[in-house]
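> need a 3D model of the following:
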Amino acid sequence: MPAKAQKINPDLLKERQKASFKTEELAVWWNGGQKKLENKRFLEDYFLNDPALQDDLPISYMSHKELYEHSVKKSYIVLKKLHEYQKKTGNSIDNYMALLGGNLGSGLIKEGNPLTVHFVMFLPTLLGQATPEQQAEWLPRAWNCNIIGTYAQTELGHGTFIRGLEARADYDPKTQEFVLNSPTLTSYKWWPGGLAHTANYAVVVAQLYTKGECHGIHPFIVQLRDEETHMPLPGIKIGEIGTKVGMKSVNNGYLGFEKVRIPRKNMLMKNAQVLEDGTFVKPKASVLTYGTMMFVRVAIVGDASNNLAKAVTIATRYSAVRRQSPIDPNKPEPQIIDHVTQQLKLFPQIAKAFVFKVAANYIWDLYNQITGELAKGDLERLPELHAMSCCLKAICTADASSGVELLRLSCGGHGYMECSNFPTIYGIATAAVTYEGENTVLLLQTARYLMKAWSLALQNEKLVPTVAYLGEYRDSTRFTNWDGSVPQIIEAFKFVAAQKVRLAYNSVEKRRQSGYSQEEAANLSGIELTQAANIHCRAFLLQMCYEQLEQNSKDTSPALAVILKDIIELYSVDACLTHLGELLRFVQLDESQVSQLQRRLETVLARIRPNAVAIVDGFDFHDRVLSSALGAYDGNVYERLFQEAQKSPLNQEPVNKSFHEYLKPLMKSNL
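Predicted coordinates for the structure are as follows:
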């Protein structure tokens, strides 16, 4: 929505006037209800209109050091304002999430907040893996920012394969201390946000050694810097890793240890424990140590939706304003959104933003449900949550990253400009493809779960809901009852997924029986395994989102219900055409049925076309959050592009000194 009253571009105004539904209703739905929408808008006004949080100079013109210092300053102002606000209204974790990891946070600090990891990983780790006594000691200080923490797991030589981490913590029973060491260069922690110069504490994940035996990775609270001077403590080797494609002000760091001693009580011992004499007490389930990662992966699915929604809002508004390439040479240049090829770039990304939003809500509810079961000692559905969080993170971030790039390309040369905000959105979206688990590795982890599920299906065992279809299609080899409806498209994808799981399972088994170990057989079958996990996730997304949006449609106006049904149909048909090769391999489709899919795609694009601008308006992004000359609510693209150009430091003087120093001598030299 606009930051203030503006003169609206006439093309954009017409688009809004012809919408068949009320944008405000969609905004309420998208934001989770009227109260949440009102709170979001209040926070936007409260923070974004503060002069202290404005950027006089576009951050792209700042040096790396200036950008970090600028971001820390704004982080301080944001937290002070939030503290004052919450003293009046009561604490809300949602407000912290909105300001540190959400859309509002990106509007305030475009390239990432160096304090985010403190709130989204350090604190949740204390909540999830510390004992009540440890929480009493550390949580108040962390919550009040008396200490600033980060989460140090990934190393220079190991990332997603965390069992391979090299940093070690050796227990010394004589002093009842752990001794932390980084034995190799590759064992240095690498990437933690805020680690370089912001945090003074960290949760460090290291290999635990007691009585000469390794007990795998475990988390430890380690002080990194003096609380008064902020100087690194003895044995702590710490610094920043350098500039990146995106998230330039997050202050990612490296960390090495040389004989750093910490007390025994600094090992987080809710799950595993080390007794005073060095005796190791095993946790109920090793996967409990990975709770923080699962929490973050669940949150990342929502981030993927937000990144895609921001990008498609910018591109859709721009496409309604930009006129180019006559369809009829005898008529004026049309809005480029009228080109069907442009609609194919835009509208499926709108649909994916919706689907990922619904998926994020679903997996968040599942996460809370299963963590509640864990608290009661029930671990039955933990592997299912792990498998779903892995593949959803992988598929949603990959699709969002490629979608943002496609949307940038849809804006032509203007999308290449920093002031379009596509470079920043892309930098953030593509980072998520790798952090908290590289996507191929995550798909292989899901595939491992699917292999176990298929084995159970072969034994006629009951399967949990997300893989129940494997039992249903265990003995089927062809799918013949295609009618093209969305429910049948979903069934077709489930059938294809079952076949891909079967083929991957058989491939692993055949290689294993020929003499390969289980691990070698899985590696040689890796392509089939990742393909099976990919299609499994897409089948899940289709079914879950169809069910959720159908249910949501019953609680909305008929006009908005039509939009939601168009969204799921576009997502379904586009998925069919995108994965046509897999469908044709297992589903009996003839040429006429494939042609019908193509016609349906064109038809649903045409249905969405009159409502496209109103739909992205319903995402309710503040102009400061979009931060785009191309995507502002008023649609005054060319005026804003020119205004942004005037901000360049090179335009502050008519002649740059380099002319007199180099260019003029060159021109006079007669080379």
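> from now on I want contacts and neighbour counts done on CA atoms only, so please keep to that.
Noted.
> just the helices in the stretch 251-400 of the chain please.
Using DSSP state H, counting those that start in this stretch, the helices assigned to the stretch 251-400 of the chain run over residues 291-321, 340-375, 382-410.
> now do the longest one: distance to the chain's middle.
Meaning helix 340-375. Computed by Cα atoms, centre = their mean, to the nearest Å, the chain-centroid distance of helix 340-375 equals 11 Å.
> which strands and helices sit next to it?
For helix 340-375, the elements it packs on are helix 291-321, helix 382-410, helix 526-553, helix 558-578, helix 591-608, judged by 3 or more Cα pairs under 8 Å, 6 or more residues apart in numbering; DSSP states H and E.
> deepest of those, which one?
helix 291-321 (a mean of 25; mean count of other Cα atoms under 10 Å).
> and that helix with helix 382-410, angle?
30 degrees (axes from the mean of the first three to the mean of the last three Cα atoms, to 10 degrees).
> quick revisit: tabulate the helices of the stretch 251-400 of the chain in TSV, adding columns for mean pLDDT.
Below are the helices of the stretch 251-400 of the chain laid out as TSV (pLDDT from 0 to 100):
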stretch	mean pLDDT
helix 291-321	90
helix 340-375	92
helix 382-410	95
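> mind putting those in a markdown table, distance to Ser595 included?
Formatted as a markdown table, the helices of the stretch 251-400 of the chain follow (distance: least, Cα to Cα, whole Å):
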| stretch | distance to Ser595 |
| --- | --- |
| helix 291-321 | 27 |
| helix 340-375 | 16 |
| helix 382-410 | 25 |
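> and of those, who's closest to Phe642?
With Cα to Cα as the measure, helix 291-321 is the member of those nearest Phe642 (15.2 Å).
> so where's the stretch 501-650 of the chain shaky on pLDDT?
The model of the stretch 501-650 of the chain has no residue with pLDDT under 70.
> distance to Ser517 added to the helices and strands packed on helix 340-375, as JSON lines?
As requested, the helices and strands packed on helix 340-375 are exported to JSON lines (distance: least, Cα to Cα, whole Å):
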{"stretch": "helix 291-321", "distance to Ser517": "29"}
{"stretch": "helix 382-410", "distance to Ser517": "23"}
{"stretch": "helix 526-553", "distance to Ser517": "14"}
{"stretch": "helix 558-578", "distance to Ser517": "35"}
{"stretch": "helix 591-608", "distance to Ser517": "42"}
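> which among these is found nearest to Leu450?
With Cα to Cα as the measure, helix 526-553 is the member of these nearest Leu450 (7.5 Å).
> before we move on, the earlier item: of the helices and strands packed on helix 340-375, which is nearest Leu344?
Short answer: helix 591-608, nearest of the helices and strands packed on helix 340-375 by Cα to Cα, at 7.3 Å.
> what does that closest one contact?
Residues from elsewhere that reach helix 591-608, judged by Cα atoms under 8 Å, 6 or more residues apart in numbering: 340, 343-344, 347, 484, 563, 566, 569-570, 573-574, 576-577.
> of these, closest to His70?
Nearest member of those to His70, counting by Cα to Cα, is Phe347, at 36.8 Å.
> which residues are in contact with that closest one?
Leu605, Ile608, Ala612.
> Ile238 too?
Listed by Cα under 8 Å, 6+ apart, the contact set of Ile238 reads Leu195, Ala196, Pro232, Gly253, Tyr254, Leu255, Gly256.
> sitting in strands, which of the residues you listed do you find?
If you go by DSSP state E, the contacts of Ile238 have Gly253, Tyr254, Leu255, Gly256 in strands.
> for the second one, list each beta-bridge partner.
By that I understand Tyr254. As for beta bridges, Tyr254 partners with Trp190, Gly239 under DSSP bridges.
> okay, now it: neighbour count?
Counted by other Cα atoms under 10 Å, the residues lying close to Tyr254 total 22.
> please name the nearest non-neighbouring residue to Ile59.
Computed as Cα to Cα, 6 or more residues apart in numbering, the closest residue to Ile59 that is not its neighbour in sequence is Leu67, at 6.7 Å.
> thought the one you found was touching Asn251?
No. Between Leu67 and Asn251 there is no contact under Cα atoms under 8 Å: 10.1 Å.
> who has more neighbours out of these two?
More neighbours surround Asn251 than the other of Leu67 and Asn251, with 27 against 19 (other Cα under 10 Å).
> and the closest residue to that one other than its chain neighbours, how close does it get to Met417?
Using Cα to Cα, 6+ apart and skipping residues adjacent in sequence, the residue nearest Asn251 is Gly194, 4.8 Å away. Gly194 sits 28 Å away from Met417, going by Cα to Cα, to the nearest Å.
> the two - which one has more neighbours?
Higher neighbour count among Gly194 and Met417: Gly194, with 26 against 16, using other Cα under 10 Å.
> how about that one, what does it touch?
Gly194 sits next to Pro114, Leu115, Thr116, Val117, His118, Gly149, Thr150, Val250, Asn251, Asn252, Gly253 when contact means Cα under 8 Å, 6+ apart.
> among the residues you listed, which are located in helices?
Thr116, Val117 (DSSP state H).
> from the contacts of Gly194, keep the buried residues only.
Among those, those classed as buried by neighbour count (16 or more other Cα atoms under 10 Å) are Pro114, Leu115, Thr116, Val117, His118, Gly149, Thr150, Val250, Asn251, Asn252, Gly253.
> let me know the pLDDT of Asn91.
Looking at Asn91, its pLDDT is 65.
> let me fix that: Ala3
Looking at Ala3, its pLDDT reads 46.
> then Phe422?
97.
> where's it relative to Leu626, distance?
Taking Cα to Cα as the measure, Phe422 falls 10 Å from Leu626.
> elements contacting the helix or strand where Ala614 lies?
Per DSSP states H and E: Ala614 is located in helix 612-617. With contacts taken as 3+ Cα pairs under 8 Å, 6+ apart, helix 612-617 sits against helix 10-17, helix 23-30, helix 291-321.
> what does stretch 356-365 rub up against?
Contacts of stretch 356-365 with the rest of the structure, by Cα under 8 Å, 6+ apart, involve 298-299, 301-302, 304-306, 388-389, 396, 541, 544-545, 548.
> how about TSV for the residues you listed, with distance to Asp50 added?
Below are these laid out as TSV (distance: Cα to Cα, whole Å):
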residue	distance to Asp50
Val298	32
Ala299	28
Val301	30
Gly302	27
Ala304	28
Ser305	28
Asn306	24
Met388	41
Ser389	38
Cys396	34
Leu541	40
Met544	41
Cys545	39
Gln548	39
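> find the nearest non-adjacent residue to Thr184, please.
Leaving out its chain neighbours, the residue that sits closest to Thr184 by Cα to Cα, 6+ apart is Glu166, at 7.7 Å.
> what's the neighbour count on that neighbour?
Glu166 has 24 neighbours, counted by other Cα under 10 Å.
> quick one: it from Glu84, how far?
Distance of Glu166 to Glu84, given as Cα to Cα: 43 Å.
> then Asp574?
The gap separating Asp574 from Glu84 is 48 Å, by Cα to Cα.
> and if you look at Leu99?
The gap separating Leu99 from Glu84 is 14 Å, by Cα to Cα.
> assumed His218 was part of a strand.
Yes. The assignment for His218 is a strand, going by DSSP: H, G, I helix; E, B strand; the rest coil.
> what's the burial count for it?
Using other Cα under 10 Å, His218 is surrounded by 24 other residues.
> close enough to count as contact, it and Leu208?
Yes. Between His218 and Leu208 a contact is recorded at 6.3 Å, counting by Cα under 8 Å.
> helix, strand or coil for the residue nearest to Thr184?
What three-state DSSP gives for Glu166 is coil.
> for it, what are phi and psi?
phi -110, psi -30 (degrees, to the nearest 10).
> in this structure it contacts Asn181, no?
No. Glu166 lies out of contact with Asn181 (Cα under 8 Å); the separation is 9.1 Å.
> so for Glu550, what's the nearest residue that isn't a sequence neighbour?
Closest residue to Glu550 apart from its sequence neighbours, by Cα to Cα, 6+ apart: Lys565 at 7.3 Å.
> thank you, goodbye.
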